[in-house]
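K.L.:
Using only what follows, build the 3D model:
(one chain, ligands or ions: 1)
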Amino acid sequence: MDKWTDLKALHDQTATRPILDLFDATRAADFSVSADGMLLDYSKTNIDAATRAALVTLAEVSGLTEKRAAMFAGDKINVTEGRAVLHVALRAGDDAVITVDGTDVLPEVRRIRSLCAAFAGDVRSGAYTGQGGRITDVVNIGIGGSDLGPAMATLALAPFHDGPRVHFVSNVDGAHIHDTLQGLDPATTLVIVASKTFTTIETMTNADTAKRWMAEKVANPAAQFAAVSTAADKTAAYGIDPARVFGFEDWVGGRYSMWGPIGLSLMIAVGPQAFDALLAGARAMDDHFQTAVPARNMPVMLALVGLWHNQICGHATRAVLPYDQRLSRLPAYLQQLEMESNGKRVAIDGSDLGLHSGPVVWGEPGTNGQHAFYQLIHQGTRTVPCEFLVARRGHEPDLAHQHLLLVSNCLAQAEALIRGRSLEEARVLMAKKGLTGEELDRQARHRVFPGNRPSTVLAYDQLTPFTLGQIVALYEHRVFVEGVILGINSYDQWGVELGKELALALQPILEGIVDGSDKDGSTRALVSFLRG
Ligand code: F6P
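P.N.:
Numbers count the residues shown, from 1 in each chain. The predicted structure is shown next:
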């Protein structure tokens, strides 16, 4: 008997019961969690009181309380890299103390944050200029965690932008940097090279391209470069003035790094004050995560709902569906956060996981997705648990009627998923259209929705910096909880290495310098086709 046994038995007993039958006068409130003005409704899932109790027990027997304390205390829980996991330190309160190897890390966190704020302020005010005058554009060159967080957040916080335009270049595909730089003036552009390691080939290649582009127009390109990295030696070797280099420690994982200097481009866009509000939102979620009892703890419950769907019900994917256009990059951001963290087949002690790893995460904003892939979500043969996000109000008061339409679509989709439409209802519908006999039957079958498909709704007042901080920290802690229960080290990413090594080896083969006879037949044939 393992720790999943009770849950599997509960699932066997309840798998086919209609979720709608669970609703009584209090279910919506009982199966919701709130935290600082945000509401997570998971009542439209097949989780009842007994299942929830078993899920909470699962968290407890997995040592969640102790492991959470260990993370916040700065213990080296990333065992394969021998590192602490302290993105929470980047947003800790003024009174906090967090020690790593006997040293309180927070004074240095605060010092770097004020350096970033001062530089962002200078860029925004014009105290720091390019060689052609005031900075009009900032290009953040980074990839993965050095791109997705700030890019997602910069888009999300568009109503708060009052600084220079901020652009993001990540892909090694030259098209990305080419199209981004087109139309920018090198003399008024600041390039931020964001790379934890300062070795990532995509980032360094794009940085070189940006440097050449700038050199065509300005005398001293390096003077319009800043860097964010843990590798001060490498940024210096690259010729970037240490006054514009913002460091951080190895205990900040790439995909957890938007709260620190990696968020510099965002800070320039929205200003240090709005950035502080983002940190405050995350801190509020950190406090909630550390203090709320499991059944009232938003990250814990979101994780348990996720594990229920993935590990117990066997649903392999999870759709993230923000009914908030400015969160359009949230699914991409969460793909890295969740899949790079918990997409692992080996447990923390090196043994086989013996379970499925975290789910495939995907999604698009509503209502766009409705006109694309919701067909499969409603009538496909697989169940896709859906996670909706929606705000009470938008930022466009004169377009409140559109927001109403947006919200009604979000709620309608969640309702349609759970309610479905029976064959009988479909037949009535067809009869009303005047169909009869075999044609009525045939047409009705196409209009049946199985229903009983689970979803959650995360609702909040408005997408502000504070709310965004809460949302992102919520998902970070969800990943942590899922990782703890699955027994995974969520903070390494060895699975990205092999492809990087092979790409390096393929380069000279594509250039024709090396023959590549050791490659498989398919790779050889593709090399030959692509070399032309
Ligand atoms: O390839 C994966 C990865 O290591 C991510 O974990 C990381 O966010 C990204 O590459 C970028 O790394 P860096 O910030 O060191 O350039």
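
K.L.:
What residues of the helix or strand containing residue 7 count as buried?
P.N.:
Taking DSSP states H and E as the definition, one finds residue 7 inside helix 5-14. Neighbour-count burial for helix 5-14, counted by 16 or more other C-beta atoms under 10 Å, picks out 6, 7, 10, 11. The way it works is simple: take the backbone N, C-alpha and C, and place the C-beta from them, glycine included.

K.L.:
now swap in stretch 52-68 and tell me
P.N.:
52, 54, 55, 56, 58, 59, 62, 64, 67, 68.

K.L.:
Extract the CA atoms of stretch 310-329 and return them as PDB.
P.N.:
In PDB, the C-alpha atoms belonging to stretch 310-329 read as follows (Å, rounded to 0.1, in the frame of the first residue of the first chain):
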ATOM      1  CA  ASN A 310      -2.900  14.000 -13.500                       C
ATOM      2  CA  GLN A 311      -1.900  11.200 -11.200                       C
ATOM      3  CA  ILE A 312      -5.200   9.800 -10.100                       C
ATOM      4  CA  CYS A 313      -7.600  10.500 -13.000                       C
ATOM      5  CA  GLY A 314      -4.900  10.000 -15.600                       C
ATOM      6  CA  HIS A 315      -5.400  13.300 -17.500                       C
ATOM      7  CA  ALA A 316      -2.100  13.900 -19.200                       C
ATOM      8  CA  THR A 317      -2.500  17.600 -20.000                       C
ATOM      9  CA  ARG A 318      -3.700  20.700 -18.400                       C
ATOM     10  CA  ALA A 319      -5.000  23.700 -20.300                       C
ATOM     11  CA  VAL A 320      -4.400  27.200 -18.900                       C
ATOM     12  CA  LEU A 321      -7.000  29.500 -20.300                       C
ATOM     13  CA  PRO A 322      -6.600  33.200 -19.300                       C
ATOM     14  CA  TYR A 323      -9.700  35.300 -20.100                       C
ATOM     15  CA  ASP A 324      -7.300  38.200 -19.900                       C
ATOM     16  CA  GLN A 325      -5.600  39.000 -23.200                       C
ATOM     17  CA  ARG A 326      -2.600  40.600 -21.500                       C
ATOM     18  CA  LEU A 327      -1.900  37.200 -19.900                       C
ATOM     19  CA  SER A 328      -1.400  35.700 -23.400                       C
ATOM     20  CA  ARG A 329       2.100  34.600 -22.600                       C
END
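
K.L.:
what about it, distance to the chain center?
P.N.:
The chain centre lies 11 Å from the centre of stretch 310-329; the measure is C-alpha atoms, centre = their mean, to the nearest Å.

K.L.:
mind listing what's buried in it?
P.N.:
Applying 16+ other C-beta under 10 Å to stretch 310-329 flags 310-313, 315, 318-329 as buried.

K.L.:
coming back round to it: so which elements touch the helix holding residue 7?
P.N.:
helix 49-61 (3 or more C-beta pairs under 8 Å, 6 or more residues apart in numbering; DSSP states H and E).

K.L.:
So what touches the helix it packs on?
P.N.:
With contact meaning C-beta atoms under 8 Å, 6 or more residues apart in numbering, helix 49-61 is reached by 3-4, 6-7, 10-11, 14, 30-31, 47, 294-295, 300, 303-304, 307-308, 481, 484-485.
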